[in-house]
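Chemist: Coordinates for the following, if possible.
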Amino acid sequence: MLQGKKILAVIPARGQSRKVAGKHLRKVAGRSLLAWTINVAQKSRYIDQLILSSDDLLIIQEAKNHGCDVPFLRPKHLAQATTPLINAIIHAIEMTPGYDYIVVLPPSSPLRTSDDIDNVIFNCISNPAKSCISLTEPTYGECNGYTLSNYSVLVPTVPGQFSLPNHHDEACYVPNGAIAVAEIPWLLCEQTFVNQETTGYVMPRERSIDVDSEFDLWLVNSYKEYLLQQGANQSHESTESV
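Modeler: Presented below is the predicted three-dimensional model:
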């Protein structure tokens, strides 16, 4: 809870993946992608309830094994490759009433931290803003994304979007898909996380990898193992200095 607002976090994880077979259960540094997301979400200071939305029994069992609530089975018609994610999120809201804000945490972004999650929540509620999404710098090429106003409101670089002006001389960012937060009544009305009232939170590229291929999976696995090794080395050095 933050500023008296009850916060629901949803991990959307349908059973089928078009590019990476069994993606949500694939291992990264010894844990499934799903388990990494559950772990960091459980460390959030603001999330009141964490739930899974899935149609897959193996994914559901994995979530339960790691202490995540699964209050419903997602209907198959909301778990198709062509199903807009917003439809599954609205279903989760309807099945879990009584909350003021929704946080969406896809398992395909295992490098986000609990601080990232809390910063997006804080930015959304404290600004105040109707929604806030995580962003990062584009890897290459022109940026068909957003700049940020003085109040972190998204300003599109694409002419005509939201009918707002361009600012090509400013730093540019693109959504990384890791975190989205929205006020629930607003989201139910707008049925989108992004419009002219949306703010942005910038994450570094190294925490913004979205697993959409076998190469992405290899990359995040290598980076996670590196981080764990660095943490083990630092712990060993601290022990030796005592």
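Chemist: Longest strand in the protein, please.
Modeler: Using DSSP state E, we find that the single longest strand of the chain is strand 174-183.
Chemist: list the helices and strands that strand packs on?
Modeler: strand 101-104, helix 114-126, strand 131-136 (3 or more C-beta pairs under 8 Å, 6 or more residues apart in numbering; DSSP states H and E). C-beta here means a position set from N, CA and C on the backbone, and glycine is covered the same way.
Chemist: Around P204, how many other residues sit close by?
Modeler: A count of nearby residues for P204, using other C-beta atoms under 10 Å, gives 11.
Chemist: now do S131
Modeler: Residues near S131, counting by other C-beta under 10 Å: 24.
Chemist: Show the contacting residues for it.
Modeler: Going by C-beta atoms under 8 Å, 6 or more residues apart in numbering, S131 touches 124, 180-183, 186-187, 193-195, 197-199.
Chemist: With adjacent residues omitted, what lies nearest to it?
Modeler: Excluding the flanking residues, the one nearest S131 by C-beta to C-beta, 6 or more residues apart in numbering is A182, at 3.9 Å.
Chemist: measure the one you found to T37 for me?
Modeler: Per C-beta to C-beta, to the nearest Å, A182 is found 18 Å from T37.
Chemist: pLDDT (mean, whole number) over stretch 137-144?
Modeler: Per-residue pLDDT over stretch 137-144 has a mean of 71.
Chemist: Ok, stretch 31-42 next?
Modeler: The model assigns stretch 31-42 a mean pLDDT of 97.
Chemist: now do stretch 183-196
Modeler: Averaged across stretch 183-196, the pLDDT comes to 95.
Chemist: Over to stretch 46-65?
Modeler: What stretch 46-65 shows for mean pLDDT is 97.
Chemist: Now that stretch: buried residues?
Modeler: Going by neighbour count (16 or more other C-beta atoms under 10 Å), the buried part of stretch 46-65 is 46-48, 50-56, 59-60, 62-63.
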